[in-house]
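Student: Sequence below, structure please.
(one chain, ligands or ions: 1)
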Amino acid sequence: MRDRFSLAVVGAGASGLAAAISAARRGASAVLLERLPRAGRKLLATGGGRCNLLNEALSASAFTSTDPSLVGSVLGRFGPAEIRSLFEGLGLRLQADVSGRVYPVTNQAASVLRVLELETARLKVTIKTGFEVDGIASEAGRFIVRARDGREVEASAVVLAGGGLSYPALGSNGSCLELAAAFGHRVVAPVPSAVPLCVKDRMCHLLQGQRMRVRVEGQIDGRPAGSAEGEFLFTRYGISGTAVLDVSEGLSVALNREGRRDVAVVVDFLPFMTAEEASGEFLRRSAAGWAPGELVTGLLPEKFARVLARGIPAPGRPPVDNKDAQGTRGLAAALKAWKFPVQGTRGWNEAEFTAGGVDASEVRIGTLESRLRPGLYLAGEVLDVQGGRGGFNLGWAWASGFVAGLGG
Ligand SMILES: Cc1cc2nc3c(=O)[nH]c(=O)nc-3n(C[C@H](O)[C@H](O)[C@H](O)COP(=O)(O)OP(=O)(O)OC[C@H]3O[C@@H](n4cnc5c(N)ncnc54)[C@H](O)[C@@H]3O)c2cc1C
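Tutor: Model prediction:
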């Protein structure tokens, strides 16, 4: 005997919870099917535990996708104002920082999950945990959704909201991409995004753990591929920090999907001064008798200055003991544009987001219903829709989940 529902939602993450709430609010009987022992596990880890649930600048132009018009059609139905009022209506007070990132005033992701859980309980949404969907069949026009352990539910519509592949320990293991492919959907090869980068450079080894504020530019085949300003972190394997994560997507696509090899990150370690100001300052210090190893003291972290003084053998990097104008100009130029050739990216366990997913042109504009199977809807990270860091991806998850739940 199977339980019967109007809508079965595969995945109780951000988009699945939003889909179940919107369906239940219009009177549909909804079931959330979640493979982990509890709903919303990834949500608790977002924003470093604070949950950056939205960005005030959420709009279609902040996303890339196989179908850019899809995002606009969804945000036109459920945009930033609707997302805010959804949460405020659930009792969650919000605050935005200067860059438009929206957080709960509690600064706790747990508050976001709790208000969603209270609403699903109020609306009598059924939640089945430990229910890992591994097959969806059709029977007399209805969907039979099967779990790995043999349990089944029956529904007249299904929302696939199982996310992509990032942080599999938090639930999203790519299985929803396989479920979509079984319906004939094309999957744009998923690659890790918002991910640290692997670099073979002695600097990384010597300076691991060192954090700095920098400006970075991604480069593919010598051409600019995104830039960002923010935190930079030397690690055992290469480079990380928010600035690196912010430019990682295009580089990951180039390396992991397109097989390109000429990929680099160029770092400006002195973003607060021009190259001319830096070389002038070094020349003045040199003329005043500063030791070569001290030329960057007070401008760069001590550890960085000590490593630099020892000399980093690499092509294009000048020795720091050259005291003349040409030498100080060379040092300034190197610190303003330090090139790290990138060998690869870290894996899914360190990628905040999945670039790629189900071809967005295969779902209907405005409703997110599959063009291949009526009654099947897709929402959230499972689709080939990606926004920058800063609340855009959760914004997409709420908006697309809510809209998918209106139809299903
Ligand atoms: C560490 C980290 C921090 C982040 N911080 C932010 C942030 O602050 N702001 C922001 O905008 N974005 C952030 N993101 C990205 C954001 O969390 C995701 O884009 C968003 O959660 C995607 O929502 P989703 O519902 O599509 O998928 P998910 O949140 O991944 O949820 C999918 C759910 O489906 C379940 N599931 C998967 N397959 C099956 C199956 N076969 N059967 C049953 N259940 C299944 C999973 O267990 C999971 O619970 C962060 C991501 C990570 C990893």
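Student: tell me the contacts of V102?
Tutor: Contact partners of V102, counting by CB atoms under 8 Å, 6 or more residues apart in numbering, are N52, L53, L54, N55, E56, R84, L94, Q95, A96, G391. C-betas here are computed from N, CA, C, even on glycine.
Student: what's the neighbour count on the residue lying closest to S111 once chain neighbours are set aside?
Tutor: Nearest residue to S111 in three dimensions, chain neighbours excluded: P104, at 4.7 Å (CB to CB, 6 or more residues apart in numbering). The burial count assigned to P104 is 22, neighbours taken as other CB atoms under 10 Å.
Student: Over to N349?
Tutor: The number of residues near N349, taken as other CB under 10 Å, comes to 12.
Student: how close does it sit to V195?
Tutor: Distance, N349 to V195, using CB to CB, to the nearest Å: 10 Å.
Student: returning to what we had before: ok, now which ones touch the residue nearest to S111?
Tutor: Counted by CB under 8 Å, 6+ apart, P104 has contacts R50, C51, L53, F87, L92, R93, L94, Q95, S111, V112.
Student: From those, pick the one nearest D201.
Tutor: Of all the contacts of P104, D201 sits closest to R50, with 32.3 Å by CB to CB.
Student: OK, contacts around the residue nearest to Y377 when sequence neighbours are not counted?
Tutor: Among residues not flanking Y377 along the chain, A404 sits closest, at 4.0 Å (CB to CB, 6+ apart). A404 makes contact with S15, A19, S22, V159, A161, T367, L368, Y377, L378, A379 under the criterion CB under 8 Å, 6+ apart.
Student: same deal with A8?
Tutor: A30, V31, L33, F143, V145, V153, A155, A157, V158, V159.
Student: give me the beta-bridge partners of it?
Tutor: V31, V158 (DSSP bridges).
Student: Equivalent analysis for E217, please.
Tutor: Beta-bridge pairing of E217 under DSSP bridges involves S227, V266.
Student: Just the pLDDT at it, thanks.
Tutor: Looking at E217, its pLDDT is 98.
Student: And for stretch 194-208, what's in contact with it?
Tutor: 166, 234-240, 244-246, 248-249, 251-252, 265, 303-304, 307, 312-314, 340-347, 350-353, 389.
Student: change it to 7 Å
Tutor: Defining contact as CB atoms under 7 Å, 6 or more residues apart in numbering, one finds that stretch 194-208 is touched by 234-240, 244-245, 248-249, 251-252, 265, 303-304, 307, 312, 340-346, 350-353, 389.
Student: from these, which ones fall inside strands?
Tutor: If you go by DSSP state E, these have F234, G238, I239, S240, V265, F340, P341, G344, T345, F353 in strands.
Student: Neighbours of the third one, how many?
Tutor: This means I239. Using other CB under 10 Å: I239 sits among 25 other residues.
Student: That one contacts V265, doesn't it?
Tutor: Yes: using CB atoms under 7 Å, I239 is in contact with V265, at 6.5 Å.
Student: counting contacts, what elements does the helix or strand harbouring A334 pack onto?
Tutor: Assigned by DSSP states H and E, A334 belongs to helix 325-336. Counting contacts by 3 or more CB pairs under 7 Å, 6 or more residues apart in numbering; DSSP states H and E, helix 325-336 packs against helix 275-287.
Student: Quick check: phi and psi on the nearest residue to A109 once chain neighbours are set aside?
Tutor: Closest residue to A109 apart from its sequence neighbours, by CB to CB, 6+ apart: C51 at 3.5 Å. As for C51, its main-chain torsions (degrees, to the nearest 10) stand at phi 60, psi 90.
Student: Now do the contacts for C51.
Tutor: Contacts of C51 by CB under 7 Å, 6+ apart are L43, Y103, P104, A109, V112.
Student: For the stretch 251-400 of the chain, which segments count as helices?
Tutor: With helices called from DSSP state H, counting those that start in this stretch, the stretch 251-400 of the chain shows them at 275-287, 302-310, 325-336, 392-407.
Student: so how far is the third one off the chain centroid?
Tutor: Pointing back at helix 325-336 there. 36 Å (CA atoms, centre = their mean, to the nearest Å).
Student: quick one: average confidence on it?
Tutor: The model assigns helix 325-336 a mean pLDDT of 86.
Student: can you check the shortest one too?
Tutor: Averaging pLDDT along helix 302-310 gives 87.
Student: In CSV, could you pull the C-alpha coordinates for that helix?
Tutor: Extracted C-alpha coordinates of helix 302-310, given in CSV (Å, rounded to 0.1, in the frame of the first residue of the first chain):
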residue,chain,number,x,y,z
GLU,A,302,55.8,39.9,8.3
LYS,A,303,55.9,36.3,7.2
PHE,A,304,55.4,37.3,3.6
ALA,A,305,58.2,39.9,3.9
ARG,A,306,60.6,37.2,5.4
VAL,A,307,59.8,34.7,2.6
LEU,A,308,60.2,37.4,0.0
ALA,A,309,63.6,38.4,1.4
ARG,A,310,64.8,34.8,1.0
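Student: list the helices and strands that helix packs on?
Tutor: helix 202-207.
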